[in-house]
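J.: here you go, sequence then predicted model.
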Amino acid sequence: MPEEPSTSPVRNVLFICSRNQWRSPTAEQIWRRHPLIRARSAGTSPNARHTVSVDDIEWADVILAMEEKHKSRLVAEFKRMLEGKPIHVLDIPDEYKYMDPELVEELERSVASIPQID
């Protein structure tokens, strides 16, 4: 008997921090292994490794910002495109390096609590 397809849709999740250097790339790395998540990361700073773009915003089903300031910058720059798109603030400060075990733990706990992710 064939396996029934999952009723859970695959979600495009965009992780945002300032420079796309440590927090959001760590989140992308962790969550890209999840079978129901396609993950990307970007930064709000003009000198970010990858600066958030119109394409990123259009692609995302859910946006997870590390801090309130990141959400504010997204709203200031992409207000009309963000209408109806869930944006959650994870409240993860910029005090970790890439793949820091404490950061990984914090991201796993924070992201798992977002209703649109499960």
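T.: Received it, and whenever you're ready, just let me know what you need.
J.: low pLDDT regions in this structure?
T.: Within the chain, the ranges that satisfy pLDDT under 70 run 1-8, 118.
J.: the longest helix in it is where?
T.: In the chain, taking DSSP state H as the definition, the longest helix is helix 68-82.
J.: for the residue sitting nearest the centre point of the chain, give me its contacts.
T.: Centroid-nearest residue in the chain: F15, 2.0 Å away (criterion: CA atoms, centre = their mean). By CB atoms under 8 Å, 6 or more residues apart in numbering, F15 lies in contact with 23-24, 27-28, 31, 39-42, 64, 66. In this view, the C-beta of every residue, glycine as well, is placed from N, C-alpha and C.
J.: surely it is within a helix?
T.: No: under DSSP: H, G, I helix; E, B strand; the rest coil, F15 sits outside any helix and is assigned strand.
J.: please begin residue numbering at 27 from this point
T.: With 27 as the first residue, the last one maps to F41.
J.: which residues in this protein form strands?
T.: Remark: strands assigned in the chain by DSSP state E are 37-43, 63-69, 88-91, 113-115.
J.: give the partner strands of the last one in its sheet and their orientations.
T.: When pairing is defined by DSSP bridges, strand 113-115 lines up against strand 88-91 (parallel).
J.: chain center to the longest helix of the chain: distance?
T.: Offset of helix 94-108 from its chain centre (CA atoms, centre = their mean, to the nearest Å): 14 Å.
J.: ok, D117 touching K95?
T.: No: at 11.2 Å, D117 does not count as touching K95 under the criterion of CB atoms under 8 Å.
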